[in-house]
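Novice: okay, sequence plus prediction incoming.
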Amino acid sequence: MNLEKLFEVDVENLNATPIYNYSFKHFILDKIQGRKNDLYSMENLIFKGRSLNDKPCKLQIAFVMNDGSSFGNTLEIGTESTDYKMSLADLKPVKTVTLPRPYPSFLPYYLEHNLSSEFDINKVESIQFSIGPGVPENELADKHGIAIISLRLE
């Protein structure tokens, strides 16, 4: 995933506040269905991959729960293809991006809710990957990219 820029002007909503975020989601419910008994013993999420463009890239990885809330954290992915570890104990509430994006485009980018649920690995439905959260303001207009090889729990 190589991005020239994180923000594109929306021609249908020219007065929108810029959101420097590129997110995509992968549903994993079918992948973990047969592993329900093992999930509580998992302590870490392991991302295997690397950044592109000869510079590190900040990547937020979040578990999206069955109620729409998300819990994640941001990793700095280096240029070397290796394992990057995120402790499940360090997950915190993060914004859930409305994916797929609704039409018309003026609808909210983030899911607006008043949920106060706790992280429960047995309620995970998908994984949200976001480039943008944690990126310093002076780097928002730069190119950003990551290569994903795998994701696993251990």
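Specialist: Thanks, I have it.
Novice: use CA for all of it now, contacts and neighbours both
Specialist: Noted.
Novice: now do the residue most central in space within the chain against residue 9, distance only.
Specialist: Nearest residue to the geometric centre of the chain (C-alpha atoms, centre = their mean): residue 129, 2.4 Å. Distance, residue 129 to residue 9, using C-alpha to C-alpha, to the nearest Å: 21 Å.
Novice: please enumerate the helices of the chain.
Specialist: For the chain, the helices defined by DSSP state H occupy 29-32, 36-39.
Novice: how about these in CSV, adding mean neighbour count?
Specialist: Formatted as CSV, the helices of the chain follow (neighbours: other C-alpha atoms under 10 Å):
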stretch, mean neighbour count
helix 29-32, 13
helix 36-39, 12
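Novice: go through these and name the closest to residue 15.
Specialist: helix 29-32 (37.5 Å; C-alpha to C-alpha).
Novice: C-alpha coordinates for stretch 119-131, PDB please?
Specialist: Provided in PDB are the C-alpha atoms of stretch 119-131 (Å, rounded to 0.1, in the frame of the first residue of the first chain):
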ATOM      1  CA  PHE A 119     -11.800  -4.900  24.800                       C
ATOM      2  CA  ASP A 120     -12.900  -8.500  24.500                       C
ATOM      3  CA  ILE A 121     -10.900 -10.600  22.000                       C
ATOM      4  CA  ASN A 122     -13.900 -12.900  21.500                       C
ATOM      5  CA  LYS A 123     -16.000 -10.000  20.200                       C
ATOM      6  CA  VAL A 124     -13.500  -9.000  17.400                       C
ATOM      7  CA  GLU A 125     -15.000  -8.900  13.900                       C
ATOM      8  CA  SER A 126     -12.300  -7.200  11.800                       C
ATOM      9  CA  ILE A 127      -9.000  -5.400  11.800                       C
ATOM     10  CA  GLN A 128      -8.700  -1.800  10.800                       C
ATOM     11  CA  PHE A 129      -5.300  -0.500   9.400                       C
ATOM     12  CA  SER A 130      -4.800   3.200   9.400                       C
ATOM     13  CA  ILE A 131      -2.000   5.400   8.100                       C
END
